[in-house]
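# build the 3D model from these lines:
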Amino acid sequence: MRQDVRLAKLSPSMKEGLIVAWLKREGDQVSPGEPLFQVETDKAVTEVEAPLAGVLARIVQPAGARVPVGAVVAIIE
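Presented below is the predicted three-dimensional model:
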């Protein structure tokens, strides 16, 4: 099963986020609740968790990218 990981709105005023760092690499196994990447919002730097178990198949948005809320940042299979 493939699932897109999208940047969630983490604060009421958030319109975009900056991907600070990926904590997993393509090909790594991930589990639900495991930290996947760090994003900087208008309020703070937050760790975003994997939504499901699987393999991080593709990182769509690299570290350093500014990403609008709702954009696909990774794909888990």
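# quick one: V5 from I76, how far?
6 Å (C-beta to C-beta, to the nearest Å). Any C-beta I mention is one placed from the backbone N, CA and C, and that applies to glycine too.
# okay, these two: which has more neighbours?
Neighbour totals were compared for V5 and I76, and V5 leads with 23 against 20 (other C-beta atoms under 10 Å).
# I59 versus that one, what's the distance?
Distance of V5 to I59, computed by C-beta to C-beta: 9 Å.
# please enumerate the shared neighbours of V5 and I76.
Common neighbours of V5 and I76 are listed as A50, P51 (criterion: C-beta atoms under 8 Å, 6 or more residues apart in numbering).
# what touches both of V5 and I59?
Common contacts of V5 and I59, defined by C-beta under 8 Å, 6+ apart, comprise V73, A74.
# the helix or strand harbouring I75: partners in the sheet, and parallel or antiparallel?
Secondary structure assignment for I75, by DSSP states H and E: strand 72-76. Strand 72-76 sits in its sheet next to strand 3-6 (antiparallel), strand 54-59 (antiparallel), going by DSSP bridges.
# need those in CSV (columns: distance to K15 and mean pLDDT).
Putting the strands paired with strand 72-76 into CSV (distance: least, C-beta to C-beta, whole Å; pLDDT from 0 to 100) gives the following:
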stretch, distance to K15, mean pLDDT
strand 3-6, 14, 96
strand 54-59, 22, 98
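# among the ones you listed, which is nearest Q29?
Closest of those to Q29 is strand 54-59, at 5.9 Å (criterion: C-beta to C-beta).
# and that closest one, what's buried?
Burial within strand 54-59, assessed by neighbour count using 16 or more other C-beta atoms under 10 Å, is assigned to G54, L56, R58, I59.
# without its sequence neighbours, what residue ends up closest to K43?
S11 (5.0 Å; C-beta to C-beta, 6 or more residues apart in numbering).
# test my guess that that neighbour contacts T46.
No: contact criterion C-beta atoms under 8 Å: S11 and T46 do not qualify, at 9.2 Å.
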